[in-house]
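*Asks:* Got a sequence here, can you model it:
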Amino acid sequence: MTKIIRPTLVLDKEICIRNIERMAKKATDHKMRFRPHFKTHQSAKIGEWFRDFGIEAITVSSVQMAEYFAANGWSDITIAFPLNILEIDNLNRLAAKIKLQILVENTEAIAFLAEKATQNLGVWLKIDTGNNRTGIDPSDTSLIEMIIGKITKSDKLKFKGFLTHTGHTYSAASTDEIFSRHFDALLKLKSLKRQYKSIFPNIEISMGDTPSATICTTFNGVDEMRPGNFVFYDLMQQNLGVCSFDDIAVKMVCPVVAKHIMRNEVVVHGGAVHFSRGKKS
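*Replies:* Residues are numbered from 1 along each chain as shown. Predicted structure coming up:
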């Protein structure tokens with residue numbers, strides 16, 4: 001074994017692949033498209049492991065990340081973060097090369113996009129199903145219809161459907177609460193889908209968060225799942241009851257540089273910089 005002399009991220013490929021295989025099978029079993037979020041690993045090399053399970057479409061969280069994975073052979077990408085109109089030139093260049101989907105949540109952004117888009121773009125409406133970070137309230141149908149109206153008037157934009165990130169499952173106090181929050185989000189999206197399906201027969205629902213994607217079993221009406229953290233999992237997921245210790249695929253190995261026995265403490269060579277930043281491969 002290589003001698004570790006400084007903070008080092010250690011990854012278990014076998015566990016990663018096992019996690020990918022399990023989630024891919026779950027998507028297949030529930031007849032959902034599996035569009036994994038690559039923001040957790042942000043690695044072209046790890047991304048290749050997904051291809052062995054038939055994955056062709058991915059999710060990212062920025063235009064820059066989309067550019068990185070497009071340069072590494074991925075040609076169907078959703079940027080799961082509300083549109084930044086300042087990046088329109090980058091979006092147009094990228095959309096000229098790959099199949100690109102973006103998120104909108106206000107009329108200003110979609111009006112700008114309808115005017116400035118020079119390439120075909122798929123457009124999802126970001127719906128807030130309880131995370132209270134970004135997205136449209138599902139009850140605000142007047143805003144939803146205004147945005148959809150602007151999408152349909154453009155010859156470059158295609159309305160895909162409704163997308164949510166049920167991120168508040170991460171703050172759940174129990175697995176029962178994860179089930180509850182997932183089911184509530186699912187009901188809200190299915191209601192929207194029913195409202196607009198007669199006008200848009202191919203309308204879809206896209207959901208994505210690791211806790212519910214891992215342990216929940218009800219996905220009726222969901223067309224696409226986008227979990228990301230599952231590729232590695234972590235102690236937070238283990239504490240939530242989502243995974244076991246054996247499912248965690250990464251660890252940070254840090255040398256111990258001092259022991260304080262009276263305080264029952266050790267000093268390690270490793271801090272916030274080492275734990276929050278890593279080198280992409």
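*Asks:* can you give me the helices for the stretch 151-281 of the chain?
*Replies:* All helices of the stretch 151-281 of the chain, identified by DSSP state H, counting those that start in this stretch, fall at 175-196, 210-215, 235-240, 272-276.
*Asks:* quick one: which of these is nearest residue 65?
*Replies:* Proximity to residue 65, assessed across the helices of the stretch 151-281 of the chain by C-beta to C-beta, is greatest for helix 272-276 (16.8 Å). Bear in mind the C-beta positions are built from the backbone N, C-alpha and C, glycine included.
*Asks:* got the buried residues for that closest one?
*Replies:* By neighbour count with 16 or more other C-beta atoms under 10 Å, helix 272-276 contains the buried residues residue 274.
*Asks:* I'd like the average pLDDT over it.
*Replies:* Helix 272-276 carries an average pLDDT of 78.
*Asks:* Any idea which of the helices of the stretch 151-281 of the chain has the lowest pLDDT on average?
*Replies:* Among those, helix 272-276 has the lowest mean pLDDT, at a mean of 78.
*Asks:* Restricting to C-alpha, output that helix in PDB.
*Replies:* Once non-C-alpha atoms are left out, helix 272-276 reads as follows in PDB (Å, rounded to 0.1, in the frame of the first residue of the first chain):
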ATOM      1  CA  ALA A 272     -11.500  22.700   5.700                       C
ATOM      2  CA  VAL A 273      -9.500  23.200   2.500                       C
ATOM      3  CA  HIS A 274      -8.700  19.500   2.200                       C
ATOM      4  CA  PHE A 275     -12.200  18.300   3.000                       C
ATOM      5  CA  SER A 276     -14.000  20.700   0.700                       C
END
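*Asks:* Mind listing residues that contact it?
*Replies:* 7, 252, 254 (C-beta atoms under 8 Å, 6 or more residues apart in numbering).
*Asks:* If we use 6 Å, what do you get?
*Replies:* 7, 252 (C-beta atoms under 6 Å, 6 or more residues apart in numbering).
*Asks:* how far out from the middle of the chain is it?
*Replies:* 22 Å (C-alpha atoms, centre = their mean, to the nearest Å).
*Asks:* So which bits of stretch 34-54 are buried?
*Replies:* 34-44, 46-47, 49-50, 53.
*Asks:* hang on, the earlier thing: can you tell me which of the helices of the stretch 151-281 of the chain comes nearest to residue 161?
*Replies:* helix 175-196 (7.0 Å).
*Asks:* List the contacts of the residue nearest the centre of the chain.
*Replies:* The chain has residue 37 as the residue nearest its centroid, 3.8 Å off, counting by C-alpha atoms, centre = their mean. Applying C-beta under 6 Å, 6+ apart to residue 37 gives the contacts 59, 226, 228.
*Asks:* One more: residue 227?
*Replies:* Here residue 227 is in contact with 208, 210, 213 (criterion: C-beta under 6 Å, 6+ apart).
*Asks:* and with 7 Å instead?
*Replies:* By C-beta atoms under 7 Å, 6 or more residues apart in numbering, the contact set of residue 227 is 23, 36-37, 208-210, 213.
*Asks:* And for residue 41?
*Replies:* Here residue 41 is in contact with residue 231 (C-beta under 7 Å, 6+ apart).
*Asks:* Please report how far residue 125 lies from residue 144.
*Replies:* Distance, residue 125 to residue 144, by C-beta to C-beta, to the nearest Å: 6 Å.
*Asks:* To clarify, my last question referred to residue 199.
*Replies:* For residue 199, the distance to residue 144 - C-beta to C-beta - is 12 Å.
*Asks:* Please check the contacts of residue 227 and keep the buried ones.
*Replies:* For these, buried by 16+ other C-beta under 10 Å: 23, 36-37, 208-210, 213.
*Asks:* Flag the least confident of these.
*Replies:* Among the buried ones among the contacts of residue 227, residue 208 has the weakest pLDDT, 91.
*Asks:* thought it was touching residue 225?
*Replies:* Yes: contact criterion C-beta atoms under 7 Å: residue 208 and residue 225 qualify, at 6.0 Å.
*Asks:* just to revisit the earlier point, out of the helices of the stretch 151-281 of the chain, indicate the one that is most buried.
*Replies:* helix 210-215 (a mean of 25; mean count of other C-beta atoms under 10 Å).
*Asks:* Done for today, thanks.
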